[in-house]
Structure formats: C-alpha cells, structure tokens
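Trainee: The following block contains a protein sequence and its predicted model.
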Amino acid sequence: DSGVTQTPKHLITATGQRVTLRCSPRSGDLSVYWYQQSLDQGLQFLIQYYNGEERAKGNILERFSAQQFPDLHSELNLSSLELGDSALYFCASSSRGGRGNEQFFGPGTRLTVL
Amino acid sequence: TQLLEQSPQFLSIQEGENLTVYCNSSSVFSSLQWYRQEPGEGPVLLVTVVTGGEVKKLKRLTFQFGDARKDSSLHITAAQPGDTGLYLCAGEDDMRFGAGTRLTVKP
C-alpha cells in the first residue's frame, strides 16, 4: 500500500460526458502528479501540482483540467469525453516539488467511455 | 524533450534464468528511476540512480547508470515468477516514462 488513495476505482460513462477523478496523497506529501496509461501509449504525464499550485504540465488535453485543494487532495476533471479517453488514470505523490522526485502511485482509476 | 527507449519490449523466460533490460536516451539525465508495475496496480519505485557509472543492487536486481548518464540497465539474476511485471524507466527532468519492458517469468 503506497498510502495514495484514488476514487473511484472504476468508472463507466458515455461519450460527451464529464467525470471527476479524486486523489488523496500520502500524508505529508505536497506534490500530486496525474498520469494517463493506455495500451498503445504507455504512461503519459499529464500535470503536477505542488502545495496547491500548478508546477508542471505534460500532455494534458484542453478538455482536461485539475486542481489541488488546501487539504492537498487533487481532482482531475475530464470533459466532453471521447472513446479514446478510455484508460487507466494514476495519481502519484511526492514530498518535494521537483518534476522527477520519487513518486508513490495510487491504485488508479479505470475509465471506460462507451 | 527527453525520449526514453526501452528494450526489449517483451521478454518471456524460464524461472532461474538471468536477464537484462535497457533504457536508452540521446539526452543526459540528472537522475533516472526504475519502476515495476503489476497488472491492475500502480507503478512501484524500485530505485533512483543519480551518478554516472553508479551501480545499485536490490537483492537479485542490479541497476546501472551509464557513465554519460544517458542510459541505464536492469539485470535480474535467477529470475522468479514474482519478478513478472512491466518494468518502466523514467527520467527526472520532464517525468517522461519509457514504454516499458513486459517481463514474464514462467515457473
């Protein structure tokens, strides 16, 4: 158990819909990272927050957005969903704000868009 | 953008065999991390290598960082079925992951 929690574990929705994925970092960690993992593209870095502020941006679509709240939990919002958005979405946390710090991953949310 | 190429993409071996997987780039990394991911779970950090030429051992796993800090290798001695998983390398600077090596160790 990494100490990072993600909800929900599974999510099934339809094209055009909007969903919110939630992540709680390890106790004491200030950084939260979001990743998308699909079969054909591997693990793709989406965005990082550090202590409530956006720190780094990766391959995140404009239809996607995220935020980190004062209690340090984070949410990833996915809107106007397309079939290609079906993937595993992972959250990771670390204690520091650098991009490549050692990260602890949650169990992931499996999103299926029908 | 630092591209990480991992090889081989797939590897299937018998229990007890040795293997080496590679992570290569044309760019220099400040540090590089190796993770293992099992089906349905998130990646788990195995090691971080920082110094060129560095060798780190984790039980039967030996990690090496190239002298020029552009490449790394993971060697597993006497592989066991529990070593089965997706092995990923990641560079520090932009958190880009390689596509991984999917290892299967058959009993």
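Mentor: That came through fine.

Trainee: alpha carbons only for contacts and neighbour counts from here, please
Mentor: Fine.

Trainee: Next, find the distance separating the residue in chain B positioned nearest to chain A from residue A:102.
Mentor: The minimum distance from chain B to chain A, using C-alpha to the nearest C-alpha, falls at residue B:92 (3.8 Å). Using C-alpha to C-alpha, to the nearest Å, residue B:92 is found at 9 Å from residue A:102.

Trainee: Get me the contact residues on chain A for chain B.
Mentor: Residues of chain A found near chain B (C-alpha under 8 Å from any C-alpha of the partner chain) are A:41-45, A:90, A:99-108.

Trainee: filter the residues you listed to the buried ones?
Mentor: Neighbour-count burial (16 or more other C-alpha atoms under 10 Å in any protein chain shown) applied to the residues of chain A next to chain B gives A:43-45, A:90, A:99-108.

Trainee: which residue packs closest to residue A:88, ignoring adjacent ones?
Mentor: Computed as C-alpha to C-alpha, 6 or more residues apart in numbering or on different chains, the closest residue to residue A:88 that is not its neighbour in sequence is residue A:110, at 4.5 Å.

Trainee: What strands flank the host helix or strand of that neighbour, and is each parallel or antiparallel?
Mentor: Assigned by DSSP states H and E, residue A:110 belongs to strand A:109-113. Strand pairing for strand A:109-113, using DSSP bridges, gives strand A:10-13 (parallel), strand A:87-94 (antiparallel).

Trainee: could you dump those to TSV with distance to residue B:46 and mean pLDDT?
Mentor: Below are the strands paired with strand A:109-113 laid out as TSV (distance: least, C-alpha to C-alpha, whole Å; pLDDT from 0 to 100):
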stretch	distance to residue B:46	mean pLDDT
strand A:10-13	27	97
strand A:87-94	15	95
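
Trainee: can I get those in CSV with distance to residue B:34?
Mentor: Shown next, in CSV, are the strands paired with strand A:109-113 (distance: least, C-alpha to C-alpha, whole Å):
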stretch, distance to residue B:34
strand A:10-13, 27
strand A:87-94, 15
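
Trainee: Provide the partner residues of the closest residue to residue A:19 other than its chain neighbours in its beta bridges.
Mentor: Distances taken as C-alpha to C-alpha, 6+ apart place residue A:78 nearest to residue A:19, at 5.4 Å, with adjacent residues excluded. For residue A:78, the beta-bridge partners are residue A:19, residue A:64 (DSSP bridges).

Trainee: Do I have it right that residue B:81 meets residue B:17?
Mentor: No. Counting by C-alpha atoms under 8 Å, residue B:81 sits too far from residue B:17 to count as a contact (10.9 Å).

Trainee: Those two - which one has more neighbours?
Mentor: Taking neighbours as other C-alpha atoms under 10 Å in any protein chain shown, residue B:81 and residue B:17 compare with residue B:81 leading, 15 against 12.

Trainee: I'm done for today, thanks for sticking with me.
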